[in-house]
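In: okay, sequence plus prediction incoming.
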Amino acid sequence: MNELVSYRQLGEIAVITINNPPVNALSPGVPEGIAAGIEHATADDHIKGVILIGGGRTFIAGADIKEFGKVIAGEKEEGSLLPLLLLIEDSTKPVVAALHGSAFGGGLEIAMACHYRVADKAAQVGQPEVKLGIIPGAAGTQRLPRLAGVERAVEMCVTGAPVNAADALASGIVDQLIDGDLLAGASAFLREKIASGRAHPKTRERHDKLGDEAANAAIIAAAREKAKKTARGLIAPITAIDAVEAATKLPFDEGCQFERKLFEQCLFSDQAKALIHVFFAERDVAKIPGLSSETKSIEIKQAAIVGAGTMGGGIAMNFANAGVPVLLKESEQGALDRGMAAITKNYANTVRKGRLTEEAMQQRLALIQPTLSYDGFENADIIIEAVFENMALKKEIFAELDQRAKPGALLATNTSSLNLDEIAAITSRTASVIGLHFFSPANVMRLLEIVRGQATSDEAIVTAFALAKLMKKVGVLVGNCHGFVGNRMFFQYMREAYFLVEEGAAVEAVDKALTDFGMAMGLLAVDDMAGIDVGVRVRQENKRNEPPGRRQPLVVDKLYELGRYGQKTGAGWYRYDENRRAIPDPEVAALIERLAGDAGIKRRDISALEIVERCIYALINEGAKILEEGFAWRAGDIDIVYLNGYGFPAWRGGPMWYADTVGVKNVYDRVCALHAEHGAWWEPAPLLKQLAENGGSFAAWDKEKGTQK
Ligand code: 3HC
Ligand code: NAI
């Protein structure tokens, strides 16, 4: 038919195969090729039925997301798939979609317009559009409820979560699972349907699963209620519910038009732009310019960890969850027992919630071998140190590891603030030393900052990325600067929250402004959760590297002095009840007022807008410095750090994308104004200035950098 879609005959069956690697997205040429195939089969009297199948590793993963970018930019019109779907459904010859890999988005929509669907046992189907800030745009919200029922359709369109083949069969999305060769199975299925002589079903004409008005009203109302909580701030999930509801109320064609209108509204929204950016940024993050594609990662068959505290335990669980045996070393029996007890409790909680079987828990625990000695470390392919944050101790441990580890083993530190090169220098193998900065809780948080030291080898970096993938995390390569990327920016962000309360904003007003902006938590609530004692110690350490004479926060040090460490002591910026619920504390408000008054700080009303600008622009300004200094490769990498490690809302694309949304010039002007008002902390980043003056953006800067490979 064309380069992307081939056509061949298997006796009386026409086989249309999509060949658009890697995921058979519906790029220009694919819909046209499928349409040509259907027309060809219709015109050929020898053909009695058609199979639509994907070449390579998958059926069709959906519309080509790159093309959306062009549509949004006004460079082309969005081509609707609806005419193709009608052509398929109205074909006089039965069409079977043979699914393997992923039938997602437009891929599932095409499959649902076929008369039948068969699936490989490992296939997945889904309408993941909401993850891109859009809704299904080719009748997915109209055909899916007709096949799977309203409740299932709502769930799939709102969450975007994939459904496995067995579930797809049970809910009526597919008609048969195929064991063994998919094409052979699909052919046998189709021959049977042809031989039956019965009419072939058109999904759009089905009403049997559309339910009744009262039941649907309850389903839709419950879905809206749930989405308000689970999809806070997001437009697409709520819109998807509206579209599925239309399937229950409108005739098919009108439902499709309604869906299409909503789809287009979503596609041109800032949320879709941001989420599409996130989709590609997350995939670009592992593309490291200058790293040879020939570089192979070390195979990780055995791991070892030093330190079974908060982080070491979580990291050990990551290995066990990935099926890798891991030695977990402590310095004394009590700490080892506490570490193993914490891991066991953690798994037991997951079992209790029904998300893990008891058997799987035992298998995972059996992979974690507690120990007080370094015996066996010589077999480890990777060793991660997670002891106290103390340079002398870390050096002592790396000297020991240098003696014990086999040649080529990766030696990693989980330090959050110490100089990686200084740690590496104690060893005779600086090329094998790397930072692996996990986030707490390490078994939950998706972010892994991969810290490259001066001598870290390409092999070590590639292995760290492979490890991130193995642990289902997103690895981001960062440079060895103080706080790396995430925490270096966080220091600036937190500082503004401290200053804002001293200047007149209530503690809860600061947090509310940030959660209203979309952050997962308010900053002061985060401070209470992470521990005010921890934050104060880090800041005291930071102060040593700061230029003298800068304004320092007052209240947080006082809270520390008072032993108000946050959640763990039942009080910090807030008071906590027995359920760890934060309650605003008038004592803190009075303390702030007193300390600010003593220091001569003029208190005033502070708007939510100012709170957001000061906190978020502090992130952006520091992010720009980090980029320019080369400690992060792309602005998109910084976004991925903030989305996965710091609760930044994905629908705002990350701090650097958000700067582009606001306009870099606007951000720069505000930073300059804050600099004039508040002094040195707000020194504008030279890159921010440069982009503002040249009408640039961080996205354009990334593109330019991408071409410098
Ligand atoms: N369009 C364009 N490129 C796509 C794509 C798509 N729909 N899906 C994946 N890709 C690209 C990725 O960018 C990546 O490119 P790269 O190698 O240059 O970085 C490559 O394909 C491989 O993708 P992954 O790294 O994600 O591969 P995995 O094997 O881990 O995952 C997948 C495969 C499960 C298919 C996953 O890529 C995925 O979920 N893709 C998105 C699916 C999706 O959102 N579909 C809906 C699109 S919207 C739509 O269909 C609208 C319709 O209703 C009209
Ligand atoms: P922790 O205090 O909970 O655990 C450290 C453990 O190391 C203790 O159990 C201690 O007994 C053990 N240990 C000390 N010396 C040892 C030795 N010689 N051999 C074996 N074990 C030894 O500390 P946590 O929070 O787990 O931090 C560990 C590292 O991770 C630190 O470098 C920290 O900066 C970093 N980090 C911590 C994060 C957090 O949120 N807690 C987040 C990211 C990094």
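Out: It's in. What you are looking at is a predicted structure, and each value in this text was computed from that prediction instead of being measured. Numbering: from 1, shown residues only. Ligands and ions are numbered 1, 2, ... in the order given.
In: please count neighbours and contacts with C-alpha atoms only from this point.
Out: Will do.
In: where's residue 320 relative to residue 625, distance?
Out: 38 Å (CA to CA, to the nearest Å).
In: swap in residue 285?
Out: 19 Å.
In: before we move on, what about residue 645?
Out: 19 Å.
In: counting contacts, what elements does the longest helix seen in the chain pack onto?
Out: If you go by DSSP state H, the chain has its longest helix at helix 608-629. Secondary-structure packing of helix 608-629 (3 or more CA pairs under 8 Å, 6 or more residues apart in numbering; DSSP states H and E): helix 486-503, helix 507-517, helix 635-645, helix 655-662, helix 664-678, helix 686-693.
In: per-residue pLDDT of the one residue in the stretch 451-600 of the chain that gets nearest to ligand 2, please?
Out: Nearest to ligand 2, among the residues of the stretch 451-600 of the chain, is residue 530, at 7.0 Å (CA to the nearest ligand atom). On pLDDT, residue 530 comes in at 91.
In: adjust the sequence numbering to begin at 690 for everything that follows.
Out: Let's use 690 as the start, then, which means that last one is residue 1219.
In: can you redo the helices and strands packed on helix 1297-1318 as JSON lines with mean neighbour count and mean pLDDT?
Out: JSON lines is the format used below for the helices and strands packed on helix 1297-1318 (neighbours: other CA atoms under 10 Å; pLDDT from 0 to 100):
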{"stretch": "helix 1175-1192", "mean neighbour count": "21", "mean pLDDT": "97"}
{"stretch": "helix 1196-1206", "mean neighbour count": "21", "mean pLDDT": "98"}
{"stretch": "helix 1324-1334", "mean neighbour count": "25", "mean pLDDT": "98"}
{"stretch": "helix 1344-1351", "mean neighbour count": "22", "mean pLDDT": "98"}
{"stretch": "helix 1353-1367", "mean neighbour count": "18", "mean pLDDT": "97"}
{"stretch": "helix 1375-1382", "mean neighbour count": "18", "mean pLDDT": "98"}
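In: in JSON lines: these, plus distance to residue 1289.
Out: Output for those, formatted as JSON lines (distance: least, CA to CA, whole Å):
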{"stretch": "helix 1175-1192", "distance to residue 1289": "10"}
{"stretch": "helix 1196-1206", "distance to residue 1289": "19"}
{"stretch": "helix 1324-1334", "distance to residue 1289": "35"}
{"stretch": "helix 1344-1351", "distance to residue 1289": "33"}
{"stretch": "helix 1353-1367", "distance to residue 1289": "15"}
{"stretch": "helix 1375-1382", "distance to residue 1289": "32"}
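In: and the stretch 740-889 of the chain, which residues reach ligand 1?
Out: With CA under 6 Å from any ligand atom as the criterion, the stretch 740-889 of the chain meets ligand 1 at residues 750-755, 791, 793-795, 817-818, 825-827.
In: cutoff 8 Å now
Out: Residues of the stretch 740-889 of the chain found near ligand 1 (CA under 8 Å from any ligand atom) are 747, 749-756, 769-770, 790-791, 793-796, 798, 816-818, 820-821, 823-829.
In: these two touch, right, residue 1388 and residue 1324?
Out: Yes: counting by CA atoms under 8 Å, residue 1388 does reach residue 1324; the two are 7.1 Å apart.
In: give me the distance between the residue lying closest to residue 1190 once chain neighbours are set aside and ligand 1.
Out: With CA to CA, 6 or more residues apart in numbering as the criterion, residue 1190 has its nearest non-adjacent residue at 6.1 Å, and that residue is residue 1196. Between residue 1196 and ligand 1 the computed distance is 39 Å (CA to the nearest ligand atom, to the nearest Å).
In: ramachandran coordinates for residue 1242?
Out: Per-residue torsions, residue 1242: phi -70, psi 150 (degrees, to the nearest 10).
In: ok, how many other residues are close to it?
Out: 18 (other CA atoms under 10 Å).
In: how much space separates it from residue 746?
Out: Distance from residue 1242 to residue 746, by CA to CA: 56 Å.
In: dump the residue contacts of the residue in the stretch 1240-1389 of the chain positioned nearest to ligand 2.
Out: In the stretch 1240-1389 of the chain, the residue that lies nearest ligand 2 is residue 1334 (10.5 Å; CA to the nearest ligand atom). Residue 1334 makes contact with 1128, 1134, 1135, 1136, 1175, according to CA atoms under 8 Å, 6 or more residues apart in numbering.
In: most surrounded residue in these?
Out: residue 1136 (25 neighbours).
In: show the average pLDDT along stretch 791-808.
Out: 98.
In: now stretch 858-878
Out: 97.
In: please apply the same query to stretch 1056-1069.
Out: Mean predicted confidence for stretch 1056-1069 is 98.
In: start to end distance for it?
Out: Stretch 1056-1069: ends 14 Å apart by CA to CA.
In: and that stretch, how far from the chain's centre?
Out: Taking CA atoms, centre = their mean, to the nearest Å, one finds the center of stretch 1056-1069 at 33 Å from the center of the full chain.
In: low-confidence regions, the stretch 890-1039 of the chain specifically.
Out: For the stretch 890-1039 of the chain, no stretch is flagged by pLDDT under 70.
In: spell out which parts of it neighbour ligand 1.
Out: So the stretch 890-1039 of the chain meets ligand 1 at 968, 969, 972, 973 (CA under 8 Å from any ligand atom).
In: how much space separates the second one from residue 1391?
Out: Just to be clear, that refers to residue 969. 12 Å.
In: if we can go back for a sec, next, show the common contact partners of residue 1388 and residue 1324.
Out: Joint contacts of residue 1388 and residue 1324 (CA under 8 Å, 6+ apart) are residue 1346.
In: ok, and what's touching stretch 965-973?
Out: 754, 758, 821, 822, 1163, 1325, 1326, 1328, 1329, 1339, 1342.
In: per-residue pLDDT, the third one?
Out: For residue 821, the pLDDT comes out at 98.
In: that one contacts residue 958, doesn't it?
Out: No: between residue 821 and residue 958 there is no contact under CA under 8 Å: 10.7 Å.
In: so how far is stretch 1063-1075 from its chain's centroid?
Out: That offset, for stretch 1063-1075, works out to 30 Å (CA atoms, centre = their mean).
In: and the contacts of it?
Out: By CA under 8 Å, 6+ apart, stretch 1063-1075 touches 987-998, 1000-1001, 1016, 1018, 1083, 1086, 1093-1095, 1097-1104, 1125.
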